[in-house]
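Participant: predicted coordinates and the sequence they were generated for:
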Amino acid sequence: MNRLSSSIENLKLAFAALERLLKTPVTEPRDLSGIVKDFEIVYELSWKTLKKFLESEGHSPRSAREAFLLAFQLGYLEDDRVWVEMIEDRNLTGHTYNQPFAASLVKRIREKYLPALAGLRNTIVSERENQTNR
């Protein structure tokens, strides 16, 4: 299995874990922490998988911001505002933690980020299948 295929499989597993966690009620602060941590993992795997995919297409993004911007420009992503907001939130999770922020972030993850990340995952899987069938 090559690096991109392996990365896609890891992304699928992490995404499924985040989906499962989001389906359970938040009853304690640790539930928020778990969702935020799983979001961080899915975000990191998403951009790194996207980077590998874009490299397989002949591009060379150096950061998450560059990868998401390039994917948007190439038509692989929709609504660049969601991705910009997601990047900003992910940067904040690495430097700040407080319960009100975590609660508001979980709401954004459920309403905006999970669907956007699912779209990215589906696009990468579909485009990868197209690459291998050429």
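Facilitator: In hand now; what should we look at? Numbering: from 1, shown residues only.
Participant: what's around residue 85, how many residues?
Facilitator: 15 (other C-beta atoms under 10 Å). To be clear about C-beta, it is placed using only N, CA and C from the backbone, and glycine gets the same treatment.
Participant: same thing with residue 60?
Facilitator: For residue 60, the number of neighbouring residues by other C-beta under 10 Å comes to 10.
Participant: quick one: secondary structure of it?
Facilitator: Under DSSP: H, G, I helix; E, B strand; the rest coil, residue 60 falls in the coil class.
Participant: residues contacting it?
Facilitator: Neighbour list for residue 60: residue 54 [criterion: C-beta atoms under 8 Å, 6 or more residues apart in numbering].
Participant: next, it: phi, psi?
Facilitator: As for residue 60, its main-chain torsions (degrees, to the nearest 10) stand at phi -140, psi 70.
Participant: gap between it and residue 43?
Facilitator: Applying C-beta to C-beta, to the nearest Å, one obtains 21 Å for the distance of residue 60 from residue 43.
Participant: check residue 77 too.
Facilitator: 14 Å.
Participant: likewise residue 133?
Facilitator: Separation of residue 133 from residue 43 (C-beta to C-beta): 29 Å.
Participant: those two - which one has more neighbours?
Facilitator: Between residue 133 and residue 43, residue 43 has the larger neighbour count (other C-beta under 10 Å), namely 21 against 6.
Participant: so what's the residue sitting nearest the centre point of the chain up against?
Facilitator: When C-alpha atoms, centre = their mean is applied to the chain, the residue found nearest the centroid is residue 43 (3.3 Å). Neighbouring residues of residue 43 by C-beta under 8 Å, 6+ apart: 64, 86, 90, 113, 117.
Participant: and it, what pLDDT?
Facilitator: Listed pLDDT for residue 43 reads 97.
Participant: that one: which element?
Facilitator: Counting by DSSP states H and E, the element that carries residue 43 is helix 29-56.
Participant: what does stretch 11-30 contact?
Facilitator: Contacts of stretch 11-30 (C-beta under 8 Å, 6+ apart): 31-32, 34-35, 38-39, 41-42, 45-46, 49, 99, 102-103, 106, 109-110, 114, 117-118, 121, 124-125.
Participant: please pick the buried ones from those.
Facilitator: For the contacts of stretch 11-30, a burial check counting by 16 or more other C-beta atoms under 10 Å picks out 32, 34-35, 38-39, 41-42, 45-46, 49, 102, 106, 109, 114, 117, 121, 124.
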